[in-house]
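Chemist: quick one: sequence plus predicted model below, questions after.
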Amino acid sequence: MRARMAAAAGAAVASLVLVAGCGSAGGVRVGAPDPSTAGAQPDCGDVVVDLDATGAREVCLNVGSTVRVRIGAKDVPANLNGTALTEVSPGVYRGARAGSAQLSGFRHACPGAKPGGVSCHAIVGWKVTVSVR
């Protein structure tokens, strides 16, 4: 039963494709500009991606800017694929050169159980595609 639920959850996440442009809701921009400047070139500065939300994400980053991958207030290490980013510390990556890179990993699908309570061992895959300019 658990394996079937985990497989269904994995399939749901895998089938979810969120097509988003730079400056989208895929992450929270640090020091983001006023939204009333819509239509202007998107800000590709520092960004924080919160994995509490589900689905794939696409964010843009300037060379030298950082992307921080978090669950709540904790930075989350990721598998890095591509040469456009370099790891500063676990969960923090800096745009090294123009191009793209992917950060990926898994997170728990359920909140932690209280001591003596029933725990959920389901996991959800996540992926962040970073376009460095």
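Modeler: Arrived safely, thanks for sending.
Chemist: could I get the full set of helices for the chain?
Modeler: Assigned by DSSP state H, the chain shows helices spanning 2-15.
Chemist: point out where it drops to low pLDDT.
Modeler: Scanning the chain for pLDDT under 70 picks out 1-42, 53-56.
Chemist: could you rerun that using 50?
Modeler: Counting by pLDDT under 50, the chain shows low-confidence ranges at 1-26, 29-37.
Chemist: what ranges do the strands span in it?
Modeler: Per DSSP state E, the chain carries strands over the ranges 28-29, 47-50, 57-61, 66-71, 74-75, 79-81, 85-89, 92-95, 99-108, 123-132.
Chemist: tabulate these (CSV), appending distance to Pro115.
Modeler: (Each C-beta comes from the backbone N, C-alpha and C, glycine too.) Compiled in CSV, the strands of the chain are given as follows (distance: least, C-beta to C-beta, whole Å):
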stretch, distance to Pro115
strand 28-29, 33
strand 47-50, 27
strand 57-61, 34
strand 66-71, 21
strand 74-75, 20
strand 79-81, 31
strand 85-89, 31
strand 92-95, 32
strand 99-108, 17
strand 123-132, 21
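Chemist: out of those strands, which is the most enclosed?
Modeler: Sort the strands of the chain by mean neighbour count, taking mean count of other C-beta atoms under 10 Å, and strand 57-61 sits at the top with a mean of 23.
Chemist: given it, what are its sheet partners and their directions?
Modeler: strand 123-132 (parallel) (DSSP bridges).
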